[in-house]
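Undergrad: Generate coordinates for the sequence data below:
(chains A and B)
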Amino acid sequence: MRILVVEDEPDLAGALQRALQEEGMACDVAGDGESGLFNAENWEYDAIILDLMLPRLDGWGLLRRLRKRKPTPVLILTARDQTPDKVRGFDSGADDYLTKPFELDELLARLKALVRRSAGHPAPVIRAGSVEIDTAARTVRRDGKEVPLAPKEYALVELLVLHRGRLVTRTMIYDHIYDETDDSLSNVVDVYVSNIRKKLGPRFVETRRGQGYIVHG
Amino acid sequence: MVRSIRWTLLLGHSLLLVGVISAFGGLLYLRVSESTMSAVDGELTDQASALAASMEKVGDDRFELTLSEAQVRYFNATGFFVIWSRRGVVDFSDPRHADLPPYKGAPRVRGDFRDVTVDGPAESRIVVGRSIRHERERLNGLLSLILGIGAAVLAVGWIGGWLLIGRILNPIRRISSTAASISESNLATRIDTAVTEDELGDLARTLNSAFDRLEAAMRRQGRFTADASHELRTPLTVLTTQMELALRRERTPAEYREVLEICLKAVRRMTSMTEGLLFLARADGRAVDLRRESLDLKEVVEEAVGLVRPLAARRGLHLSVVAESHRMEGDRERLGEAVTNLVTNAIQYNRPEGRVEVTLKGGVLVVSDTGPGIPEEDRSHVFERFYRADKSRSNNAGGAGLGLAITKSIVEAHGGEIGFAARAGEGTTFRIRFRSNGAPEDGRPE
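TA: Modelled structure (predicted):
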């Protein structure tokens, strides 16, 4: 899961990025509206956390321009708590609205719910054969027993399961589980896939040579 | 209220009508009655003169009266006469008036009768009179007519007045109901000035402009509240998020240290803003306590510039000070804060390699920079709390946008004035003028 944080307060943006990464998500930070819009338009984010009061281009403006091109889920995170601001936010195309100061757990829960809904799985627990993925607790069970996964392995499983029945290309994997702070080699994905096969069974992930991977529902 | 205006107007209107009608009717009645009576008097005088002419003296106090046929008819039908010689009654036409004493002077009225007296031949006196009951009836008829017409005019005037006043009051009622509907949540409504004309249109426009000012004040207030809460929440959010994150798992001492440093920065930011807001609140209540002392502004300026010089150096700016001595009464610390705010702004909103010039001459402090200037639309808001030309409110430039508001309050608490000249792209010049020792300055224009 890859998240974009558009926030001009560096101390807050840093904390958010850290928190998301510790949850196993990939996270990019943009410090102003224009670079935020650039990132949002040019990468496939699973969700965007958007501040409203931003230099150069404010959050509402960013959202309106983004919505002409992309349906990426957007959670507005702002100190503006007046109803008209919220209404304007939703009317500009936001999917959720959280006012500062907020609790980290709530933000993470809303974010996960947002990503689930936009992938078409409103229920937090997703089943694929004998494997059960709890996207809220970020745990994976096989035949009812919890399987420990490394954060990136979990991220990959979640991505595959959220798109189950559909082909997930290597580009998609890079787009969704890595952020600008990662510097990894492409064959690392193969390592993750082979680890996942070891832990969740050889037939959990099917490889389509030269195209990508697929998990069958 | 509307009702009482209507009744007051109507009462005044009716009194005026009654006054006009009575004056007009009274005058008319008097004129008519006067002319009627003088006609009667003329007729009587003519008859008396004719009688005098028809008297022929036939001896001492003896007269022979020969009446024409017309005279006979007149005295038989309407009038009467009495003639006296020097010694008493000589002749009369109607025994009812035989006892009438002779008199001299103006015509007089006895009951229904009116008579006149003229001198006859040989010191005789002739009185001719007649009943004026008929004239009186006619005059009474006229009076009733006048009263009737007056009452009718009054009634029409009263009804017309009622309707007219209603017509005048209707738009007022509309205005007041619109005004009553304007509330905090519905400030955008305005009185329709197209339907109310003339003076009421003026009233409506005046009210509308008052509503405009009210709406602007409310909007400023709302913006202030939103800005203040944003400015307070941002560091608060940094605090809670950083601490929550730190507590989620075990961290290394270096990580804890980093979190504490970030939190300390956020707390300092909140402290400085809270102090700024408190100062401004006190300044609003005119309760700024200045520690007044005699000081040289030059020292204050040079000290303040000295404090920010490292900041200018970091940004590669050229900072120059030319200050003349200027003695005044004031609070050294506050004045220093005001100067620091201005110079810090000049440094922060400047272009790389730019210049900041500070001059103090004749009690006028000028701080000018080579920055981007202030856009037209922001100029009227420069001294507003939390207002920043850069809408982002990022803290990269430091401060919450209270600096200029605080500077203005400090300058004004010292009896000074602050103004600025700024053209987009050509830098900004702030100018503070102090009065020396509180004495009014020579009023030289800027």
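Undergrad: For the rest of this, base every contact and every neighbour count on C-alpha atoms.
TA: Fine.
Undergrad: per-domain residue ranges of the chain.
TA: This is for chain A. For chain A, automatic domain parsing gives the domain ranges A:2-118, A:125-214.
Undergrad: oops, chain B please
TA: B:2-136, B:198-284, B:293-438.
Undergrad: In terms of pLDDT, where does residue 104 sit?
TA: Unless you meant another one, I'm taking chain A. We have a pLDDT of 92 for residue A:104.
Undergrad: wait, chain B
TA: pLDDT at residue B:104 comes out at 78.
Undergrad: Would you mind measuring from it to residue B:127?
TA: 9 Å (CA to CA, to the nearest Å).
Undergrad: in chain A, what spans have low per-residue confidence?
TA: A:183-187, A:217 (pLDDT under 70).
Undergrad: quick one on the thing from earlier: please tabulate the domains of chain B in CSV, including the columns mean neighbour count.
TA: Listed next are the domains of chain B as CSV, based on neighbours: other CA atoms under 10 Å in any protein chain shown:
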stretch, mean neighbour count
domain B:2-136, 16
domain B:198-284, 16
domain B:293-438, 19
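Undergrad: Which among the ones you listed is found nearest to residue A:55?
TA: domain B:293-438 (4.0 Å; CA to CA).
Undergrad: How confident is the prediction for the closest residue in space to residue B:106 that isn't next to it in sequence, by pLDDT?
TA: Excluding its sequence neighbours, the residue lying closest to residue B:106 (CA to CA, 6 or more residues apart in numbering or on different chains) is residue B:116, at 7.0 Å. pLDDT for residue B:116: 90.
Undergrad: Relative to chain A, how far out is residue B:116?
TA: 100 Å (CA to the nearest CA, to the nearest Å).
Undergrad: What helix or strand is whatever residue of the stretch 201-350 of chain B ends up closest to chain A located in?
TA: Going by CA to the nearest CA, chain A is nearest to residue B:237 of the stretch 201-350 of chain B, at 4.4 Å. Element membership for residue B:237, per DSSP states H and E: helix B:198-247.
Undergrad: Show me where chain A has its strands.
TA: A:2-6, A:26-30, A:47-50, A:74-78, A:96-99, A:125-128, A:131-134, A:139-142, A:145-147, A:168-169, A:206-208, A:212-214 (DSSP state E).
Undergrad: and the third one, which strands flank it?
TA: Spelled out, it's strand A:47-50. Strand A:47-50 has its sheet partners listed here by DSSP bridges as strand A:2-6 (parallel), strand A:74-78 (parallel).
Undergrad: Pull the residues that contact the first one.
TA: Under the criterion CA atoms under 8 Å, 6 or more residues apart in numbering or on different chains, residues A:13, A:16-17, A:25-33, A:36, A:39-40, A:44-51, A:175-179 lie in contact with strand A:2-6.
Undergrad: in a strand, that's where residue B:321 is, yeah?
TA: Yes. Using DSSP: H, G, I helix; E, B strand; the rest coil, the secondary structure at residue B:321 is a strand.
Undergrad: My guess is it contacts residue B:302. True?
TA: Yes. Between residue B:321 and residue B:302 there is a contact under CA atoms under 8 Å: 7.4 Å.
Undergrad: Please see if the helix or strand residue B:276 falls within touches chain A.
TA: Following DSSP H and E, one finds residue B:276 within helix B:253-284. Yes. Using CA under 8 Å from any CA of the partner chain, helix B:253-284 comes into contact with chain A via residue B:262.
Undergrad: Now do that helix against helix B:198-247, angle only.
TA: 160 degrees (axes from the mean of the first three to the mean of the last three CA atoms, to 10 degrees).
Undergrad: Which other helices and strands does helix B:253-284 contact?
TA: Counting contacts by 3 or more CA pairs under 8 Å, 6 or more residues apart in numbering or on different chains; DSSP states H and E, helix B:253-284 packs against helix B:198-247, helix B:403-413.
Undergrad: now those in a markdown table, with mean pLDDT?
TA: Formatted as a markdown table, these follow (pLDDT from 0 to 100):
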| stretch | mean pLDDT |
| --- | --- |
| helix B:198-247 | 86 |
| helix B:403-413 | 89 |
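Undergrad: roughly how far apart are residue B:94 and chain A?
TA: Taking CA to the nearest CA, one finds residue B:94 at 108 Å from chain A.
Undergrad: likewise residue B:109?
TA: 94 Å.
Undergrad: Could you look up the SS state of that residue?
TA: strand.
Undergrad: Looking at strand pairing, list the partners for it.
TA: As for beta bridges, residue B:109 partners with residue B:114 under DSSP bridges.
Undergrad: wouldn't it be in contact with residue B:116 here?
TA: No. Using CA under 8 Å, residue B:109 is not in contact with residue B:116, being 9.1 Å away.
Undergrad: one step back: redo the helices and strands packed on helix B:253-284 as TSV? Include distance to residue A:149.
TA: TSV is the format used below for these (distance: least, CA to CA, whole Å):
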stretch	distance to residue A:149
helix B:198-247	22
helix B:403-413	53
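Undergrad: Nearest to residue B:283 among the ones you listed would be which one?
TA: Closest among these, using CA to CA: helix B:403-413, at 6.3 Å.
Undergrad: Need the contact partners of the closest one.
TA: B:276, B:279-280, B:283, B:288, B:334-335, B:337-339, B:341-342, B:382-385, B:417-418, B:432, B:434.
Undergrad: do that again at 6 Å, thanks
TA: B:338, B:341, B:383, B:384, B:385 (CA atoms under 6 Å, 6 or more residues apart in numbering or on different chains).
Undergrad: The residue nearest to residue B:106 belongs to a helix, doesn't it?
TA: No. Counting by three-state DSSP, residue B:116 falls outside a helix, being strand.
Undergrad: For it, give its distance to residue A:193.
TA: Distance from residue B:116 to residue A:193, by CA to CA: 147 Å.
Undergrad: For the nearest residue to residue A:146 once chain neighbours are set aside, grab the count of nearby residues.
TA: Once flanking residues are discounted, residue A:146 sits nearest to residue A:140: 5.8 Å by CA to CA, 6+ apart. Neighbourhood size, residue A:140 [other CA atoms under 10 Å in any protein chain shown]: 23.
Undergrad: quick one: residue A:140 and residue A:131 touch, right?
TA: No. In this structure, residue A:140 is not within contact of residue A:131 by CA atoms under 6 Å, at 7.1 Å.
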